[in-house]
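Participant: here is a sequence together with a model predicted from it:
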Amino acid sequence: MMKSIKSLAIAALITAAFSVGANAQIKKGTDSLKTVHRQERHAFRALLNDQQKAMLKENHQKQKAARTAFVASLNNDQKAILKDKALTHKERKAKLAGTFTQQQKDAMATNKAAHKADRKAFVATLTEDQKSAFKKMAKERHGQHGFHQQKAQKA
């Protein structure tokens with residue numbers, strides 16, 4: 001009887017030690033990933049001049065306002081679809097898109113066009129040195145051949 005209690009206690013202790021160690025690794029990996037993203041954003045912003053930073057901030061505010069207005073236009077059924085965790089992301093997106101009114105579709109198209117125009121205007125302000133630096137950063141982030149190369153290899 002005493003041996004079985006000891007072996008059970010040892011097994012519980014070992015299991016607890018492994019779970020704590022695994023949890024610490026997961027948190028460490030998440031923190032380091034956040035740190036990498038933060039460093040990349042800092043490196044990106046360091047290459048921009050004040051006018052470009054202000055332009056990005058303004059574009060972000062416009063996108064945020066458009067997103068808020070769009071979410072406010074959703075009815076209760078559409079909001080319930082968004083909150084349904086039983087669906088995968090693709091299923092949720094497809095199901096939600098099927099419920100959009102014409103006004104909501106128009107708003108989405110307008111937001112998308114405005115985003116593209118803002119991005120195009122921002123890219124037009126970049127110098128050749130900035131563009132080459134950003135391309136280099138993207139290659140480092142996505143591997144030697146860049147993101148599109150890897151995507152094509154997977155397909």
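Facilitator: Noted; the coordinates are in hand.
Participant: what's the separation between residue 106 and residue 70?
Facilitator: 11 Å (C-beta to C-beta, to the nearest Å). No exception for glycine: its C-beta is placed from N, CA and C like everyone else's.
Participant: between these two, who's got more neighbours?
Facilitator: Under the neighbour definition other C-beta atoms under 10 Å, residue 106 and residue 70 were set side by side, and residue 70 has more, 14 against 11.
Participant: contacting residues for the more buried one?
Facilitator: 104, 107, 108, 111 (C-beta atoms under 8 Å, 6 or more residues apart in numbering).
Participant: may I have the phi/psi pair for the residue nearest the centre of the chain?
Facilitator: Per C-alpha atoms, centre = their mean, the C-alpha nearest to the average position across the chain is that of residue 37, at 10.5 Å. Main-chain dihedrals, residue 37, degrees, to the nearest 10: phi -60, psi -40.
Participant: what of residue 101?
Facilitator: Torsion angles, degrees, to the nearest 10, at residue 101: phi -80, psi 170.
Participant: same check, this time on residue 86
Facilitator: Residue 86 adopts backbone torsions of phi -70, psi -20, taken as degrees, to the nearest 10.
Participant: would you map the strands across the chain?
Facilitator: With DSSP state E as the criterion, the chain has no strands.
Participant: so where's it uncertain?
Facilitator: 1-9, 11-13, 15-31, 33, 143-155 (pLDDT under 70).
Participant: let's see that with 80 instead.
Facilitator: Across the chain, residues meeting the criterion (pLDDT under 80) sit at 1-44, 140-155.
Participant: returning to what we had before: just the buried members of the contacts of residue 70?
Facilitator: 104, 107, 111 (16 or more other C-beta atoms under 10 Å).
Participant: show me the contacts for the closest residue to the last one other than its chain neighbours.
Facilitator: Right, residue 111. Closest residue to residue 111 apart from its sequence neighbours, by C-beta to C-beta, 6 or more residues apart in numbering: residue 66 at 4.5 Å. By C-beta under 8 Å, 6+ apart, the contact set of residue 66 is 107, 110, 111, 114.
Participant: which among those gets closest to residue 47?
Facilitator: residue 114 (24.8 Å; C-beta to C-beta).
Participant: surely the closest one touches residue 65?
Facilitator: No. When contacts are counted by C-beta atoms under 8 Å, residue 114 is not listed as touching residue 65 (10.6 Å).
Participant: neighbour count for these two, which is higher?
Facilitator: residue 114 (14 against 11).
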